[in-house]
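Engineer: A predicted structure for the sequence below; I have some questions about it.
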Amino acid sequence: MSYFRENIEKMQAYQPGFQPAWQDVVKLNTNENPYPASPQVLKVLSQINPEHLRRYPDPLGTQFRIAAAELNGVQPDFIMCCNGGDELLKMAFEAFCDENRSVAYPVPTYTLYPVLAKMQNCRAIEIPFDDEYNLPAKLADTNAALTIICNPNAPSGSIISQDELASLADEINGVLLIDEAYVDFANNNCVELVKNFDKCHYPAYTE
């Protein structure tokens, strides 16, 4: 007898990228910082009140959201606090996808997306990139509840312009999620789209 849901029982676990054991390597595939912590950060950490470590923090992360909003030029209500980008992706799948609400994304791309789709038992519509990794026109016709664009894309490193993504946001009926986990390797980001669209097309990024 299995206690798992049928779709979970059939799943294969997500396989993370190679993680070398030695410490003198910067693992860019996991977004590790190649630089040491700022002395200002270390100073703040050294001044933490031990009493604060035994209490729950503000559940809304208000101070952080205000600071992050100022840094990114958006309203604090546009900022979500989460345990890294993968948790934010999982929350998006849980909020928007189920057996009757599909997800769509171009491939090849981040290999966690199909795993999250299987966890939600939702249909994953995978539209192949062409040889130049251009945004597939067919993405606009999937009628998916959630459309994800990894930008810059993993593993290709290719970039889709903000104008193209704005056009896609105009065309689709569901939610457009722009996964900008590797945006620090690019010259610009898509945060401006949040200001220009009155729908819930929020770029996903991690502070």
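Structural biologist: Yep, that arrived.

Engineer: how many residues are close by residue 150?
Structural biologist: 25 (other CB atoms under 10 Å). The C-beta positions use only the backbone N, C-alpha and C, and glycine is treated the same way.

Engineer: change the start of the numbering to 25 and stick with it
Structural biologist: All set: I'll call the first residue 25, so the last point we hit is now residue 174.

Engineer: so it sits against residue 203, correct?
Structural biologist: Yes - under the contact definition of CB atoms under 8 Å, residue 174 touches residue 203, with a separation of 4.4 Å.

Engineer: ok, the residue nearest to the spatial centre of the chain to residue 186 distance?
Structural biologist: Nearest to the geometric centre of the chain sits residue 203, at 3.9 Å (CA atoms, centre = their mean). Distance of residue 203 to residue 186, computed by CB to CB, to the nearest Å: 15 Å.

Engineer: and if you look at residue 34?
Structural biologist: Distance from residue 34 to residue 186, by CB to CB: 38 Å.

Engineer: quick one: the helices in the chain?
Structural biologist: For the chain, the helices defined by DSSP state H occupy 30-33, 63-70, 86-96, 109-120, 136-144, 186-195, 216-220.

Engineer: circling back to that earlier point, so for residue 34 and residue 186, which sits in the more crowded spot?
Structural biologist: Comparing residue 34 with residue 186 by other CB under 10 Å, the one with more neighbours is residue 186, at 18 against 9.

Engineer: the more buried one reaches residue 215, doesn't it?
Structural biologist: No - if you go by CB under 8 Å, residue 186 and residue 215 don't touch, sitting 9.5 Å apart.

Engineer: any stretches of the chain with poor pLDDT?
Structural biologist: 222-231 (pLDDT under 70).

Engineer: mind doing that once more with 50?
Structural biologist: 224-231 (pLDDT under 50).
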